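[1] sequence first, predicted coordinates after that:
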Amino acid sequence: MSETVLAACGLSKKFGKGEGLVRAVDEIDLEVAQGETVAVMGPSGCGKSTLLHLLGGLERPSAGEIELAGNRVDQMGERALARLRRTAIGFVFQAFHLMDELTARENVELPALLAGRSPRAARRRAAGLLDRVGLADRAAFLPAALSGGQRQRVAIARALSNDPLVVLADEPTGNLDSAATLEVLRLFDGLRSAGQTLVVVTHDSRIAATADRLISMRDGAFTGETRMSGGTRGNLGALAGLEG
Amino acid sequence: MGRIVFIGLLAARDVRYRPASAVLLVLAIVTAATTLTLGLALRGVSNQPYLQTRAATAGPDIVATVSPPQSAGGPSADLASFTALTRASGVVAHSGPYPFTFATLLANGRKAGARVQGRDQAPAPVDQPEVTQGGWVRPGEVVLERSFADELGVGAGGRVTLNGRAFRVAGLAVTAASTLLYPHICFSGCDLSTSELARKVPGDVWMTRADAVNLATAAEPLSYTLNLKLADPSDADAFASAYDSSQTSAYAPFLNSWENISFNSANLVRNEQRVLLIGSWLLGLLAVASVTVLVGGRMTEQTRRVGLLKAVGSTPGLVAAVLLAEHLILAVVAAAFGLLIGWLVAPLLSRPGAALLGSPGTPPVTLATIGLVIAVALAVAAAATLVPAVRAARTSTVRALADSARPPRRRAWAIAISARLPVPLLLGLRVAARRPRRVVLSVISIAITTTGIVAVLLVHAGYNASLGANAGLDNPQDARLSQVMTVLSVALVVLALVNAILITWATVLDARHASALARALGATPQQVSAGLSAAQALTALAGALLGVPGGFGLFSAVNKDGGPVAVPPLWWLAATVLGTVAAVAAISTVPAWLGTRRPAAEVLESELA
């Protein structure tokens, strides 16, 4: 059994008060092992994205504990959380969230620059990552000149910029057509093969099918967990129903 | 008609919905309108006190002076030429000739030059100075001109020395005949400017003829003055010109008309008026910047509202008309307030000084002034609103309903340079580069303010320099100018700070997605807010540097008399630039900090919605 990288215990997030109280995340326990890919599935509004934001230190929990590589995330101050996001976590968003005025390469460079790397090192790293996601020839393009799939691949490259312990992906194929979804699925499969720890929230069963573990979520709580068989690996296209 | 009512209704509702924004807009325009009203209302405001003084003192229509050739021990002044003047056509009365000389006056440990005139103890038919305190001249006792005495801190019963000889101050008086009204109103053609003492801000002193004659020295021999009354006072200028052109001798009497003296007596107010008019244009430009940022900021917030208006059938023209109507109505309200405040404040600035009697009263606000102030206010609002209004009208309805932000500008050079900077500066430079027009607006706003501040420093430097030259005696002209410019600077600074807050807030709103993303990627809230402040500080630095030469230019425009420019110490200018940058950085901290309080995830989620 691999070492646990990310763990949550009794994790809750509430919004509002009194009758307007919403339990977006309700006493969730979670452990993610090194190199594991976990998919969290559920309908819209079930709290998937909030869970991801809590795990990544973008929001603070109302209760519970979060541990990343042995460090208590829920007790960290803003600076420590920022450092955590710089060094240990990579985010991939449904809406890509690329800077419109920056080229693909400049977008991928940004986390490295924020982490204090030299411009030269950041550029070299960005070039390598864009090559890895198959966009070396699009490095100088602005996001507006890229397709949805290409933008998401840039976003994935950006998430990997500082070699994070965990990549947290929020509906990474939510805004993509089938062909672009396949591109992203292949990329995630490659990351998993390379031992990258991944937590993906999605309501797309095709992407969930590529995970090691599938967790179902409803009304802020986990309602079921399925450990996927090894046979699913390496057969991505068929599973996703995109080939054949 | 129905369309106009509908536009008015929408505009009124919008004002009610955003009162703070409306108040800021009105405040910006009121400041400019008030200053413009003041500048316009002060025109010619000092005539009344001079005329009152002239009436009370039987003021002359012509003052003739004659001085001896400058060589020591040479011939005395040519008094015979005065005889011809008293017999000239149109002259109906005269007084004098009275002897005068220049002397060094000491009072309360302060030294000044004094023009000492010998007078009869009996009242003169023309130019009998009006005693405002104490009595008239007696042997061994002198009368000081009131504004001069004020600066010296001497009153009736006090003591002064003239050329080392002690005199009791019999009283204080005012005159409408002095070509040397304190401080040094020694205008063009002043034949006394060659005297060493005349250059040292002299004031008028009256004493008996005998005392004045005894005070004269070889270096400061006696000159004479003659006061004339004409049958028609309005002929004074023509009389003086005709006489001057008929003379060939360099030592012939020099004639001054009462109109000329009146004009120069208004110097105090005239400089104020010049400063206020220039200041009002500066404030008007700042108001344009304020309103532009306000409107731009509101457009950022109101994109969806514009979309809704268009979706329910409004034409692009109607959308633009609503925005324009709202701001034009507010501009008219602001102009009305500005006119009222200016009219009420004008008497405070139009005090003629102690040299004249009476007060100017409330200056009339003419129809022309009202029209010009309202026109300027409307122009400010229209100039600032037109571009956003047209842009709003032209925005696609779908895009507006989606509330998507305008795509930012890409500045490759700024992105490349910023990559080499610390994180706050990296973020700051990139934020600034996204909206170049806003940067230009910010630079202009700070440049205008710094221009005003540097001009005030130049006035103060000149003031300090003149204090040194005048043995510590104040020059009320400089002091009054300094006061007005300081008040103007405060107004400029307040508007610039309001602008800095507005611009930062607009930047915060505009950069909210980029800031949230930077935080999601690992930037701390402090780095993000420092970046936003740095963006303002960088533009403030550019503006402040431009403002330094701007200040010299403004001072030159105000200093039309062509006096030498006293350059303030370098550290004053450096402190102005650095202080401006620090103030802008500090004041932008609050909106920048507020902008980072909303959780990054929430901002990113809302972009998705």
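    Yep, that arrived. Just so we're clear, the structure is a prediction, and the values are computed from it rather than from any experiment.
[2] the closest residue to chain A within the stretch 501-609 of chain B - how many residues pack around it?
    Sorted by distance to chain A under C-beta to the nearest C-beta, the residues of the stretch 501-609 of chain B start with B:G522, at 2.8 Å. For every residue, glycine as well, the C-beta is placed using N, CA and C. The number of residues packed near B:G522 is 28, by other C-beta atoms under 10 Å in any protein chain shown.
[3] quick check: it is in a helix.
    No: checked against DSSP: H, G, I helix; E, B strand; the rest coil, B:G522 lies outside a helix; its state is coil.
[4] check contacts around it.
    For B:G522, the contact set (C-beta atoms under 8 Å, 6 or more residues apart in numbering or on different chains) comprises A:82-87, A:111, A:114-115, A:162.
[5] ok, and which of the residues you listed reach chain B?
    Restricting the contacts of B:G522 to those within reach of chain B (C-beta under 8 Å from any C-beta of the partner chain) leaves A:82-87, A:111, A:114-115, A:162.
[6] which parts of chain A sit against chain B?
    Chain A has residues A:49-50, A:53, A:56, A:58-59, A:78-79, A:82-87, A:91, A:93-95, A:97, A:99-102, A:106, A:109-111, A:113-116, A:119, A:122, A:142, A:144, A:158, A:162 near chain B, with proximity defined as C-beta under 8 Å from any C-beta.
[7] what about 6 Å?
    Applying the criterion C-beta under 6 Å from any C-beta of the partner chain, the portion of chain A that neighbours chain B consists of A:53, A:58-59, A:78-79, A:82, A:85-86, A:91, A:95, A:97, A:100-101, A:106, A:111, A:113-114, A:119.
[8] now, of these, which are buried?
    Neighbour counting by 16 or more other C-beta atoms under 10 Å in any protein chain shown classes A:53, A:58-59, A:82, A:85-86, A:91, A:95, A:97, A:100-101, A:106, A:111, A:113-114, A:119 among those as buried.
[9] of those residues, just say which sits nearest to chain B.
    Ranking these by separation from chain B, with C-beta to the nearest C-beta as the measure, puts A:R86 on top at 2.8 Å.
[10] can you tell me the closest non-neighbouring residue to the closest one?
    Spatially, and ignoring its direct neighbours in sequence, A:R86 is nearest to B:G522 (2.8 Å; C-beta to C-beta, 6 or more residues apart in numbering or on different chains).
[11] related to what we said a few turns ago, in helices, which of the ones next to chain B among the contacts of B:G522 appear?
    A:82-87, A:111, A:114 (DSSP state H).
[12] pLDDT added to those, as CSV?
    Compiled in CSV, these are given as follows (pLDDT from 0 to 100):
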residue, pLDDT
A:A82, 88
A:R83, 88
A:L84, 89
A:R85, 89
A:R86, 87
A:T87, 89
A:P111, 91
A:L114, 89
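[13] from chain A, how far off is B:P408?
    Distance check for B:P408 against chain A: by C-beta to the nearest C-beta, to the nearest Å, it reads 5 Å.
[14] quick one: that residue is in a helix?
    No: assigned with three-state DSSP, B:P408 falls outside any helix and is coil.
[15] what's the neighbour count on the closest residue to it other than its chain neighbours?
    Excluding its sequence neighbours, the residue lying closest to B:P408 (C-beta to C-beta, 6+ apart) is B:R434, at 3.7 Å. Other residues near B:R434 come to 25 when the count uses other C-beta under 10 Å.
[16] for residue 167, which residues count as its bridge partners?
    With no chain named, the answer covers chain A. With DSSP bridges as the criterion, A:V167 is bridged to A:G90, A:L198.
[17] that's the wrong chain, I wanted chain B
    Under DSSP bridges, the beta-bridge partners of B:F167 are B:V160.
[18] that one: how many residues sit nearby?
    A total of 23 residues lie near B:F167 under the criterion other C-beta under 10 Å.
[19] how about the strands in the stretch 101-250 of chain B?
    Counting by DSSP state E, counting those that start in this stretch, the stretch 101-250 of chain B forms strands over residues B:110-119, B:130-134, B:141-145, B:159-162, B:165-174, B:203-208, B:223-230, given from the N-terminal end onward.
[20] closest to the centroid, which residue in chain B?
    Against the mean C-alpha coordinate of chain B, by C-alpha atoms, centre = their mean, the closest residue is B:V275 at 2.9 Å.
[21] secondary structure element for it?
    helix B:267-311 (DSSP states H and E).
[22] next: B:A496.
    helix B:476-510.
[23] can you give the distance from that helix to the centre of its chain?
    In terms of C-alpha atoms, centre = their mean, to the nearest Å, the centre of helix B:476-510 is found 13 Å from the chain centre.
[24] now it: buried residues?
    Within helix B:476-510, the residues scored as buried using 16+ other C-beta under 10 Å are B:476-482, B:484-485, B:487-489, B:491-493, B:495-508, B:510.
[25] repeat for stretch B:280-295
    For stretch B:280-295, burial by neighbour count (16+ other C-beta under 10 Å) applies to B:280, B:282-295.
[26] for these, work out which two are farthest apart.
    Distances among the buried residues of stretch B:280-295 were taken as C-beta to C-beta; the most separated pair is B:S280 and B:V295, at 21.6 Å.
[27] pLDDT of the helix holding B:V275, averaged?
    When pLDDT is averaged over helix B:267-311, the result is 69.
[28] cool, stretch A:146-159 as well?
    When pLDDT is averaged along stretch A:146-159, the result is 92.
[29] ok, stretch B:83-101 next?
    Stretch B:83-101 shows an average pLDDT of 84 in the prediction.
[30] and it, how far from the chain's centre?
    Distance of stretch B:83-101 from its chain centroid, counting by C-alpha atoms, centre = their mean, is 41 Å.
[31] cool, and stretch A:121-128?
    Centroid separation for stretch A:121-128 versus its chain: 21 Å, with C-alpha atoms, centre = their mean.
[32] which residues does it contact?
    Applying C-beta atoms under 6 Å, 6 or more residues apart in numbering or on different chains, the contact partners of stretch A:121-128 are A:105, A:108-109, A:112-113.
[33] nice, that's everything, thank you.
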